[in-house]
Structure formats: C-alpha cells, structure tokens
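S.K.: Provided below are the primary sequence and the corresponding predicted coordinates.
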Amino acid sequence: MELKVGICPMCGCKTEIKNVDVQEMIEDDLYIFKEIEAEVCTQCGERTYSEDEVRKIESNIL
C-alpha cells in the first residue's frame, strides 16, 4: 500500500513523503530503523506510515 501526500490527521496541514529514521524502545531494548518511508506533516511533524512500512518494522522486532 503506497502513501499519498495529503492532510495531517493531527493539525490539518499539508504532508509530504520523506525517508525518516524511527526509534522504538521495547522492553529496555532500543531499535533503530533507517530510511523508513513516512508521510510527514510540514507543520507539526506528525508521521504516518504505510502498512508495508509498519510490517517491515514489526518483522524486525518480533
């Protein structure tokens, strides 16, 4: 499923596609994922990830 540039669900401003780094702390372990595609709000920075990107992250954690 591909992301589509749109409107931020948090503040209503414009979003754009970017590659970002994601850090997740799970049970005292830090996971860092590089170059994850996300839809990022240009105003507040809220990130939205496609289902495919979430699956990639989850498959590396579980």
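M.R.: Arrived safely, thanks for sending. Keep in mind that what you see is a predicted model, and the values were worked out from it rather than measured.

S.K.: so residue 53, which of the three states?
M.R.: helix (DSSP: H, G, I helix; E, B strand; the rest coil).

S.K.: Surely it is in contact with residue 35?
M.R.: No. At 10.2 Å, residue 53 does not count as touching residue 35 under the criterion of CB atoms under 8 Å. Yep, even glycine has a C-beta here, placed from its N, CA and C like the rest.

S.K.: Of these two, which one has the most company?
M.R.: With neighbours defined as other CB atoms under 10 Å, residue 53 and residue 35 compare such that residue 53 has more, 19 against 9.

S.K.: Sketch out the strands for the chain, chain order is fine.
M.R.: Using DSSP state E, the strands found in the chain span residues 15-26, 29-41, 47-49.

S.K.: got the ones you listed as TSV, with distance to residue 60 columns?
M.R.: TSV is the format used below for the strands of the chain (distance: least, CB to CB, whole Å):
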stretch	distance to residue 60
strand 15-26	10
strand 29-41	7
strand 47-49	14
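
S.K.: Just the buried positions in stretch 33-53, please.
M.R.: If you call a residue buried by 16 or more other CB atoms under 10 Å, then stretch 33-53 has these buried ones: 36-41, 49-50, 53.

S.K.: CA-only coordinates of stretch 24-37, as CSV, when you get a sec.
M.R.: Output of stretch 24-37 as CSV, limited to C-alpha atoms (Å, rounded to 0.1, in the frame of the first residue of the first chain):
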residue,chain,number,x,y,z
GLU,A,24,11.4,2.4,19.3
MET,A,25,12.1,1.3,22.8
ILE,A,26,10.6,-2.1,23.6
GLU,A,27,11.2,-3.8,26.9
ASP,A,28,14.5,-2.0,27.6
ASP,A,29,15.8,-2.6,24.0
LEU,A,30,16.3,0.2,21.6
TYR,A,31,15.5,-0.5,17.9
ILE,A,32,16.6,2.0,15.2
PHE,A,33,15.2,1.7,11.7
LYS,A,34,16.9,3.8,9.0
GLU,A,35,15.2,5.2,5.9
ILE,A,36,11.6,4.3,6.6
GLU,A,37,9.2,6.0,4.2
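
S.K.: Pull the residues that contact that stretch.
M.R.: If you take CB atoms under 8 Å, 6 or more residues apart in numbering as the criterion, stretch 24-37 is touched by 3, 17-23, 49-50, 53, 56-57, 60-61.
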